[in-house]
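Visitor: Fold the following.
(2 chains)
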There are 2 protein chains.
Amino acid sequence: MRVLIIGGAGMIGRKLAARIAGDGVLAGRAVAAMTLHDIAPATPPPDAAFPVTVETGDLSEPGEAARLVAGKPDVIYHLAAIVSGQAEQEFAAGYRINMDGTRALLDAIRQADYRPRFVFTSSIAAFGAPLPDPIPDDFMVAPLTSYGTQKAICELLISDYTRKGFVDGYALRLPTICVRPGKPNAAASGFFSAIIREPLAGQEAVLPVSDDVMHWFASPRAAVGFLVHAATLDAAAVGPRRALTLPGVAVTVGGQIEALRGIAGDKAVALIRREPDAFIQTIIESWPRRFDTRRARDLGFQAEGSFEAIIRVHIEDELGGG
Amino acid sequence: MRVLIIGGAGMIGRKLAARIAGDGVLAGRAVAAMTLHDIAPATPPPDAAFPVTVETGDLSEPGEAARLVAGKPDVIYHLAAIVSGQAEQEFAAGYRINMDGTRALLDAIRQADYRPRFVFTSSIAAFGAPLPDPIPDDFMVAPLTSYGTQKAICELLISDYTRKGFVDGYALRLPTICVRPGKPNAAASGFFSAIIREPLAGQEAVLPVSDDVMHWFASPRAAVGFLVHAATLDAAAVGPRRALTLPGVAVTVGGQIEALRGIAGDKAVALIRREPDAFIQTIIESWPRRFDTRRARDLGFQAEGSFEAIIRVHIEDELGGG
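Guide: Model prediction:
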């Protein structure tokens, strides 16, 4: 079993590589080798019992996809993308990397004439307001960002290339990942993590939206669990609709704050500074709030059961359990 | 008002050009010029009171889209596509023409830095089984053909390019057009027209499916009406979701036959020869049957009210009313 992770230097890519290195198996088969590809060099997990190759390059460049699939990896994770904000600012670059890059990869697989398992990270950004609450599995995809459009197009390509027998593909619509480790970033969704991560580290965090904003979350650990589980799915049970909205926790900002209070007390909560930002509030209101993810749950995908559990994952995985 | 019709040599393109030539106006403005583009030369309508230019070329060839929009036409109809059966057989050609061609056109408009009205013919092939009955406007797009996938991707591109202000685009999901004039063709859906057209002409027609198969139809005249109406829509009333499922008539094959009997009698019906074909029956069962097209109806799109009316349109427009 050879594994290729495209986007291996990203937050989820690193954690997925570490998980596979720790497990030593994927979908019940021993892992013989793993390749981590990204624009910048990924750091291989230190404890892998199999060889890990680090490759750098731009998937949308001619020949890059063919080079990556030449060794016919059995499972290909495609996590690489430019993020929502950048795809909105840099229209052509977003389509080139997020859409053409994925298509180049699918075409390289088709031309390599073998049928790997292909796991792609899509996003709940494929959905745009107005939305029902909860959003059922068969609701229309009508994105309100270029990033969401590019993800939705990749979903369609994956289902069609799968139907034609060129690949065995799955597009996983991840919830917003929370708590994201590391520095605050400029993403409109950044505060969802910051209001937990910063107070736990004794730092102030800014909350730009009202407490009744509801959103859909899973931990980085749950996201890695989704990706590992996708390698085990029974293709026939999934059928031709290869985009799956994954389970998550629906919670309001107020609920996030109460979960933080329960775990870290009033002193942590006092570090959250309310600075309403009408621009961010408007963006967030067009986002999905909560889903009925029956299909994914029936297929065995599991997320946390509460936002408290999401905070505890952060404490265990990023703060040494303290 | 300058009009460009891409796919101007096709059945709908020819009828649209004739309608615009007859009207002399489009969306309340006098038409000053029209260009008909296709792979093969289109025949200009004989009675146009404005100049009609005929262009030939392949939209997916480099530079072709830019050449077409250089004159900044106010309304662009993009009807050109390779059909469902061919897109399924010729995978790469389907994506190149149906997807890359449309994208090239949208990018050429973006780079020409103006904002024309852009009307694209999508298809109910964007939907695939299992489907509710009727299918609501907000149901998921999950095609089961490469053609349907390519149309669905174009819909997403049109909504995103519109949202970004590069174009004022509309993707119209046409019903199956019936009665198609001309020779029988190899399309799996061909019999829906043949069982009406051939008996009206005193010819035998083969019916490969059972009488209880239901499908979704509009006449060629109604299709042209949709395209003309799309040029008049209020962009704000449509909003960001630019794919519209258009009204049609839901009727079973048995209902088609009874409508034919009512108009042309038992002698015509006797020319329909039942030759069940399990392959075609299976294909047809994955197709949409009927829609609730509230959005399009509220926006003023109108189709026939019965299959009898569809047959009468064929008699009036193709058989000289006889």
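
Visitor: State the pLDDT value of A:Gly322.
Guide: Here, the pLDDT recorded for A:Gly322 equals 67.

Visitor: Can you pull the phi and psi angles for the residue positioned nearest the centre of chain A?
Guide: Against the mean C-alpha coordinate of chain A, by C-alpha atoms, centre = their mean, the closest residue is A:Leu174 at 4.7 Å. The phi/psi pair for A:Leu174 (degrees, to the nearest 10) reads phi -70, psi 140.

Visitor: what residues go with each domain of chain A?
Guide: Domain assignment for chain A by automatic domain parsing gives A:2-174+A:218-247+A:294-298, A:190-215+A:249-289+A:305-318.

Visitor: To B:Thr102, which of those domains lies closest?
Guide: domain A:2-174+A:218-247+A:294-298 (12.0 Å; C-beta to C-beta). (C-beta placed from N, C-alpha, C; glycine too.)

Visitor: And that closest one, how far out from the chain middle?
Guide: What separates the centre of domain A:2-174+A:218-247+A:294-298 from the centre of its chain is 9 Å, taken as C-alpha atoms, centre = their mean, to the nearest Å.

Visitor: just stretch A:274-292 next, same as before
Guide: 19 Å.

Visitor: Just the CA atoms of that stretch, as CSV, please.
Guide: Output in CSV follows, covering the C-alpha atoms of stretch A:274-292 (Å, rounded to 0.1, in the frame of the first residue of the first chain):
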residue,chain,number,x,y,z
ARG,A,274,-16.3,41.8,21.6
GLU,A,275,-15.6,44.0,18.6
PRO,A,276,-18.6,43.7,16.3
ASP,A,277,-17.6,43.8,12.6
ALA,A,278,-20.6,44.2,10.3
PHE,A,279,-18.6,43.0,7.3
ILE,A,280,-17.7,39.7,9.0
GLN,A,281,-21.1,39.3,10.4
THR,A,282,-22.6,39.6,6.9
ILE,A,283,-20.2,37.1,5.4
ILE,A,284,-20.9,34.6,8.2
GLU,A,285,-24.6,34.9,7.9
SER,A,286,-24.4,33.5,4.3
TRP,A,287,-22.6,30.4,5.6
PRO,A,288,-24.2,27.1,6.4
ARG,A,289,-25.2,26.6,10.1
ARG,A,290,-26.0,23.0,10.5
PHE,A,291,-26.5,19.8,8.5
ASP,A,292,-28.4,16.5,8.6
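
Visitor: which of the domains of chain A is buried the deepest?
Guide: domain A:2-174+A:218-247+A:294-298 (a mean of 20; mean count of other C-beta atoms under 10 Å in any protein chain shown).

Visitor: From chain B, how far out is A:Met11?
Guide: In this view, A:Met11 and chain B are 26 Å apart by C-beta to the nearest C-beta, to the nearest Å.

Visitor: Equivalent analysis for A:Lys183, please.
Guide: Where chain B is concerned, A:Lys183 sits at a distance of 30 Å (C-beta to the nearest C-beta).

Visitor: hang on, that residue is in a helix, isn't it?
Guide: No - using DSSP: H, G, I helix; E, B strand; the rest coil, the secondary structure at A:Lys183 is coil, not a helix.

Visitor: which ones are touching A:Thr232?
Guide: Contacts here follow C-beta atoms under 8 Å, 6 or more residues apart in numbering or on different chains; on that basis A:Thr232 touches A:Ala27, A:Gly28, A:Gly300.

Visitor: ok, back up a step: put together TSV for the domains of chain A, with distance to B:Leu319 on each row.
Guide: TSV is the format used below for these (distance: least, C-beta to C-beta, whole Å):
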stretch	distance to B:Leu319
domain A:2-174+A:218-247+A:294-298	40
domain A:190-215+A:249-289+A:305-318	52
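
Visitor: To B:Arg96, which of these lies closest?
Guide: Ranking the domains of chain A by proximity to B:Arg96 (C-beta to C-beta) places domain A:2-174+A:218-247+A:294-298 first, at 11.4 Å.

Visitor: List, one by one, the residues from chain A near chain B.
Guide: By the rule C-beta under 8 Å from any C-beta of the partner chain, the part of chain A lying against chain B is A:91, A:128, A:132, A:137-144, A:146, A:149, A:152-153, A:156-157, A:159-160, A:163-164, A:240-241.

Visitor: Would you map the strands across the stretch 101-250 of chain A?
Guide: In the stretch 101-250 of chain A, the segments counted as strands under DSSP state E, counting those that start in this stretch are A:117-123, A:168-174, A:176-177, A:205-207, A:214-218, A:243-245, A:249-252.

Visitor: and the second one, which strands flank it?
Guide: Here strand A:168-174 is paired, per DSSP bridges, with strand A:117-123 (parallel), strand A:243-245 (parallel).

Visitor: Out of the strands of the stretch 101-250 of chain A, flag the one nearest B:Gly10.
Guide: Closest among the strands of the stretch 101-250 of chain A, once you apply C-beta to C-beta, is strand A:243-245, at 32.1 Å.

Visitor: how about low-confidence regions in chain A?
Guide: A:186, A:322 (pLDDT under 70).

Visitor: For it, which segments are assigned as helices?
Guide: A:11-23, A:64-69, A:84-89, A:91-94, A:101-112, A:146-163, A:190-200, A:220-230, A:235-238, A:253-269, A:278-285, A:294-298, A:307-318 (DSSP state H).

Visitor: Ok, which of the ones you listed comes nearest A:Ala40?
Guide: A:Ala40 lies closest to helix A:11-23 among the helices of chain A, at 11.2 Å (C-beta to C-beta).

Visitor: Now do that closest one against strand A:168-174, angle only.
Guide: 120 degrees (axes from the mean of the first three to the mean of the last three C-alpha atoms, to 10 degrees).

Visitor: Does anything pack onto helix A:11-23? Which helices or strands?
Guide: strand A:2-6, strand A:33-38, helix A:220-230 (3 or more C-beta pairs under 8 Å, 6 or more residues apart in numbering or on different chains; DSSP states H and E).

Visitor: Among the helices of chain A, single out whichever gets nearest to A:Arg180.
Guide: helix A:190-200 (4.2 Å).

Visitor: Give me the angle between that closest one and helix A:278-285.
Guide: Using the same axes, to 10 degrees: helix A:190-200 against helix A:278-285 is 110 degrees.

Visitor: For helix A:190-200, C-alpha coordinates in CSV please.
Guide: Output of helix A:190-200 as CSV, limited to C-alpha atoms (Å, rounded to 0.1, in the frame of the first residue of the first chain):
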residue,chain,number,x,y,z
GLY,A,190,-10.5,32.6,12.0
PHE,A,191,-12.2,33.9,15.1
PHE,A,192,-14.1,30.6,15.6
SER,A,193,-10.7,29.1,16.6
ALA,A,194,-9.1,32.2,18.0
ILE,A,195,-11.7,32.7,20.7
ILE,A,196,-10.8,29.3,22.1
ARG,A,197,-7.1,29.0,21.3
GLU,A,198,-6.0,32.4,22.5
PRO,A,199,-7.7,32.4,25.9
LEU,A,200,-6.4,28.9,26.6
